[in-house]
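S.K.: Please work out how this folds:
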Amino acid sequence: SRFCSGHVFFVQRLPSALGVTPLVVHTTYQFSQARGKRQRLRETGLWLIDEDGYYEGKKGGAGFVAMAPEDQPPPALLTPGITNHLAAAAWYRLAVRNLLA
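M.R.: Numbering: from 1, shown residues only. All right, here's what the predicted structure looks like:
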């Protein structure tokens, strides 16, 4: 849990569950490649290159939006399987729609 793969840190959230701070997080395979890796690091506060303006928004806009770790789909949707994967994806789309409404 101190040397985490992307799955262990971002998906399983093992360091958070154990109450430890990892020394290294390896951003393993991500569908969006480098952009997706940067986004995951931003969401967890590990991307330190952006200026504060990125997170505050431009011209009065909302700026960076991230879901809190406790705002997750129901646990039943996080179990393996195509049906659950599609249902979880629908849950996330609905959550993003509600954020932007």
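
S.K.: for this structure, what are the low-confidence residue spans?
M.R.: By pLDDT under 70, the weakly predicted segments of the chain are 55, 57-66, 69, 101.

S.K.: which residues in it form strands?
M.R.: 3-5, 24-26 (DSSP state E).

S.K.: Identify each buried residue in stretch 30-45, please.
M.R.: For stretch 30-45, a neighbour-count test (16 or more other C-beta atoms under 10 Å) marks 37-38, 40-42 as buried. No exception for glycine: its C-beta is placed from N, CA and C like everyone else's.

S.K.: which of the residues you listed sit farthest apart?
M.R.: 37 and 42 (9.8 Å; C-beta to C-beta).

S.K.: Just the C-alphas of the helix ranked longest in the chain, formatted as PDB.
M.R.: Taking DSSP state H as the criterion, the chain has its longest helix at helix 82-100. The C-alpha trace of helix 82-100 is given here as PDB (Å, rounded to 0.1, in the frame of the first residue of the first chain):
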ATOM      1  CA  ILE A  82     -20.600  -6.500 -17.900                       C
ATOM      2  CA  THR A  83     -24.100  -5.600 -16.600                       C
ATOM      3  CA  ASN A  84     -22.700  -4.000 -13.400                       C
ATOM      4  CA  HIS A  85     -20.100  -2.100 -15.500                       C
ATOM      5  CA  LEU A  86     -22.800  -0.700 -17.800                       C
ATOM      6  CA  ALA A  87     -25.000   0.200 -14.800                       C
ATOM      7  CA  ALA A  88     -22.100   1.900 -13.000                       C
ATOM      8  CA  ALA A  89     -21.300   3.900 -16.200                       C
ATOM      9  CA  ALA A  90     -24.900   5.000 -16.300                       C
ATOM     10  CA  TRP A  91     -24.700   6.000 -12.700                       C
ATOM     11  CA  TYR A  92     -21.600   8.100 -13.400                       C
ATOM     12  CA  ARG A  93     -23.200   9.800 -16.400                       C
ATOM     13  CA  LEU A  94     -26.200  10.700 -14.300                       C
ATOM     14  CA  ALA A  95     -23.900  12.100 -11.600                       C
ATOM     15  CA  VAL A  96     -22.100  14.300 -14.100                       C
ATOM     16  CA  ARG A  97     -25.300  15.500 -15.500                       C
ATOM     17  CA  ASN A  98     -26.500  16.500 -12.100                       C
ATOM     18  CA  LEU A  99     -23.200  18.300 -11.400                       C
ATOM     19  CA  LEU A 100     -23.600  20.300 -14.500                       C
END
